[in-house]
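Chemist: Sequence plus predicted model, see below.
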Amino acid sequence: MGKIDDRLNELGINIPKAAAPVANYVGWVKTGNLVFTAGQVPIKDGEFLYKGIVGKDISVEDATAAARLCAINMISQVKDACNGDLDRVKRVVKLVGFVNGVPGFEGQPTVINGASDLMVEVFGDNGKHARSAVGAGSLPLNVSVEIEGIFEIE
Amino acid sequence: MGKIDDRLNELGINIPKAAAPVANYVGWVKTGNLVFTAGQVPIKDGEFLYKGIVGKDISVEDATAAARLCAINMISQVKDACNGDLDRVKRVVKLVGFVNGVPGFEGQPTVINGASDLMVEVFGDNGKHARSAVGAGSLPLNVSVEIEGIFEIE
Amino acid sequence: MGKIDDRLNELGINIPKAAAPVANYVGWVKTGNLVFTAGQVPIKDGEFLYKGIVGKDISVEDATAAARLCAINMISQVKDACNGDLDRVKRVVKLVGFVNGVPGFEGQPTVINGASDLMVEVFGDNGKHARSAVGAGSLPLNVSVEIEGIFEIE
């Protein structure tokens, strides 16, 4: 068991097996030392959670939990890219978070903190990343949040 | 003629000359082994096709065709980055697809499959990429789809 | 004083000290020769300028000025990544600009030209970048524009 696995255990976070997309794309691609992940959505055990438009169907608090779940699913993709060894993650480089909010919604940073905070809980200072948080006009299957990431691994 | 050119011929796909943007940006930038493309829109012979908002002005089927056209235009940029030799493409690394849908639109993955499928038709397994599909609030000139990409070349 | 500093002086552009985000993310991450910036917003001396939805609350002209201000703030992040020496910037690789427009807004390219033009004014041909300009459904704190970037530095 690696150090990051220990940390995940301490935090009580279970990293699921990486989900394989059902189309002509993949969950991650490695090029050089960089891993680019597909956009991750709030899915757990095959079920979409926290669905809907933030500010209308669901609360900022639930959307923040959705962002955290996106981040957990992102770590599962990166774990797969690292052949299971998350200690190979040198840096979380970038996150882009899309929030399915009502027009005029202003709370994207709060929502995406659900993912940013998780990255730092898990990876410490190496989890600190450049980030964009923006509002989408709509999202696949009406999920509330979608997040993509770039990681540096060794 | 390279292998990928042969494949494009088989598929009956004509890759146009790369369009030069009419502003202070360019169609692609190469850094190291990576090529980053500008956002590609559904334009053919200088004319914008499949315009409008998906779910209101145009159908999911037409938007999927728009995504395929974006992908063809993206390949034209990458061909330019490769000095005309598409066999230098090692991997389609990442696509981000923005769909101009009505609020609550859920079919972004179906639409962007128009681009993902084309990449795999053309490049085979090397065409499998990490992907994000999101809804835009609006798009330039009211196009239905805009897609940007990252490619690894040798 | 470097060449780019001289150029900024000629242009009358003051690059502020890089703002530190107040959350678990950072303004930039360097990986290899690439610098990825966080999404930059139109803030000056701690105050958000040109707020609101383009085509409803503010004009395209003001949104273009907002994009220029985003670009200035982005350069401040890159300067920080270069330990103050902007002559180390080899290339502006990519900009992605999100515009908070009304539904059906078509002028994203005009707005984001405010940032693209600045990059070329400051960095010359090295400032020419691949670019995406898209409409957001909403943006943090109701800013009109948010822009993220990738730079190659030496």
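Modeler: Nice, I can see it.
Chemist: Following the chain past the longest helix belonging to chain A, name the next helix or strand.
Modeler: Secondary structure of chain A read by DSSP state H shows that its longest helix is helix A:60-81. The first helix or strand that comes after helix A:60-81 along the chain, using DSSP states H and E, is strand A:89-99.
Chemist: Report the contact partners of residue A:146.
Modeler: By CB atoms under 8 Å, 6 or more residues apart in numbering or on different chains, the contact set of residue A:146 is A:39-41, A:70, A:97-98, A:100, A:136, A:139-140, B:132, B:134. Every C-beta, even on glycine, is put in place using the N, C-alpha and C of the backbone.
Chemist: Please tell me how far residue A:15 sits from chain B.
Modeler: Per CB to the nearest CB, to the nearest Å, residue A:15 is found 18 Å from chain B.
Chemist: same check, this time on residue A:9
Modeler: Counting by CB to the nearest CB - residue A:9 and chain B are separated by 28 Å.
Chemist: quick one: that residue is in a helix?
Modeler: Yes: secondary structure of residue A:9 (DSSP: H, G, I helix; E, B strand; the rest coil): part of a helix.
Chemist: Give me the number of neighbouring residues for it.
Modeler: The local packing of residue A:9 (other CB atoms under 10 Å in any protein chain shown) involves 11 other residues.
Chemist: List the residues that contact residue A:41.
Modeler: When contacts are counted by CB under 8 Å, 6+ apart, residue A:41 touches A:48, A:70, A:73, A:139-141, A:143, A:145-146.
Chemist: at 10 Å instead, please
Modeler: Residue A:41 is in contact with A:19, A:48-51, A:66, A:69-70, A:73, A:98, A:139-141, A:143-147, B:132, counting by CB atoms under 10 Å, 6 or more residues apart in numbering or on different chains.
Chemist: just checking, what packs against the strand or helix carrying residue A:130?
Modeler: Using DSSP H and E, residue A:130 falls within strand A:129-135. The elements that strand A:129-135 packs onto, with contact taken as 3 or more CB pairs under 10 Å, 6 or more residues apart in numbering or on different chains; DSSP states H and E, are strand A:89-99, helix A:108-123, strand A:145-153, strand C:25-26, strand C:28-31, strand C:34-37, strand C:89-99, strand C:145-153.
Chemist: Need these in JSON lines (columns: distance to residue C:55).
Modeler: JSON lines is the format used below for the helices and strands packed on strand A:129-135 (distance: least, CB to CB, whole Å):
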{"stretch": "strand A:89-99", "distance to residue C:55": "21"}
{"stretch": "helix A:108-123", "distance to residue C:55": "20"}
{"stretch": "strand A:145-153", "distance to residue C:55": "25"}
{"stretch": "strand C:25-26", "distance to residue C:55": "30"}
{"stretch": "strand C:28-31", "distance to residue C:55": "31"}
{"stretch": "strand C:34-37", "distance to residue C:55": "27"}
{"stretch": "strand C:89-99", "distance to residue C:55": "10"}
{"stretch": "strand C:145-153", "distance to residue C:55": "13"}
